Structure formats: structure tokens, C-alpha cells
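K.L.:
Need coordinates for the below:
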Amino acid sequence: MDCKFASNPLDQLFVTQKFGERPEFYRKYGMAGHNGVDFRTKFPDTPLGRREIYAVDDGIVSKVVIAKLGGYGTYVQITHCDGSMTIYGHQYNPHVVVGQAVKAGQIIGISDNTGDSTGPHLHFGYRRANANMNNGYKGYVDPMPYFKN
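P.N.:
Below is the predicted model:
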């Protein structure tokens, strides 16, 4: 999937933390910095910060974790046909199950403030197929170049 994502993960993309930022905070996770991009989800129409989250491309749900504390909190991971992977963290309520096929633009959950988080947002991460797991970000790369304009 080393081309543009077919969909955006939210209806509004407002970046609150970029890839690689705050290395001092992410050192506790063994990373060189933030391994994804955080998007704001709290707006006047969503005072609790709960917005629909969309799959950015077709794939198979490879992981659904329900956790209020730690790291990504409640999250969904999708593996795409080329072997790349996307992760959608800090969710309130995933709408998918492991093994489920999803299409680009399909609702896969609702955002929230679970995990190691200071407010409602979506943590979005992207790993290319055959990712370099020793790149300092657990194989993740900056997803911003892959979003549609």
C-alpha cells in the first residue's frame, strides 16, 4: 500500500501530535519518539471526542484489543493485502472483530481517551510491508505522506 490511502481515518484531520515528536516521553516504550500521528476528535459537534473511525484501505482485522489503560488503550489493527498494517488507537468502542474483512471508508470504531492518553483523540499508525522493526519506532513510519490531499 505504498501509495495514497483510499480513505481518511476520520471525517476531519486535525493533527495534535506528529510522528517522531516527544522522544523523552516515548523512551519508556523503547521508541525514539511518537510512532504515529494523533488526530483531534473533540470538536463542538463531539464534546466527548467520540467520532467514527474509518479504515483507510481494504484489509482484514488482525487484532482488536480492549484495554482502558496502557499504550494505545482499546485499539484495532488492520492488515492490508500487500502486508502493510494500520493501527487505530484510544478507541471507545471497536465495531469490528478479528478476521473480519473491511473496506476502505468502513466504520471500524469510535474514538475516545483510553490508554496512555491525556484527552480524546485517534492515534493512527502505519507499518509498511516488511517493515524495519529496528527503526526506533517499532517498524512504524510517518503516515502523513500517504493521506489523500
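K.L.:
which residue is nearest the centroid of this structure?
P.N.:
residue 124 (2.2 Å; Cα atoms, centre = their mean).
K.L.:
the residue most distant from the middle of the protein, which is it?
P.N.:
residue 44 (22.4 Å).
K.L.:
what pLDDT does that one get?
P.N.:
Note for residue 44: predicted pLDDT of 94.
K.L.:
neighbouring contacts of stretch 62-71?
P.N.:
Defining contact as Cβ atoms under 8 Å, 6 or more residues apart in numbering, one finds that stretch 62-71 is touched by 29, 72-79, 85, 89, 94, 96-98, 114-116. Every residue, glycine included, has its C-beta placed from N, CA and C.
K.L.:
rerun that using 7 Å as the cut-off
P.N.:
Residues from elsewhere that reach stretch 62-71, judged by Cβ atoms under 7 Å, 6 or more residues apart in numbering: 73-79, 94, 96-98, 114-116.
K.L.:
mind checking how far it is from the chain centre?
P.N.:
What separates the centre of stretch 62-71 from the centre of its chain is 12 Å, taken as Cα atoms, centre = their mean, to the nearest Å.
K.L.:
Is residue 51 in contact with residue 111, as I believe?
P.N.:
Yes: Residue 51 lies in contact with residue 111 (Cβ atoms under 7 Å); the separation is 4.9 Å.
K.L.:
follow-up on the earlier one: could I get the contacting residues of the residue nearest to the centre of the chain?
P.N.:
Residues in contact with residue 124 (Cβ under 7 Å, 6+ apart) are 9, 36-37, 39, 88, 143.
K.L.:
can we see that at 6 Å?
P.N.:
Residue 124 is in contact with 9, 36-37, counting by Cβ atoms under 6 Å, 6 or more residues apart in numbering.
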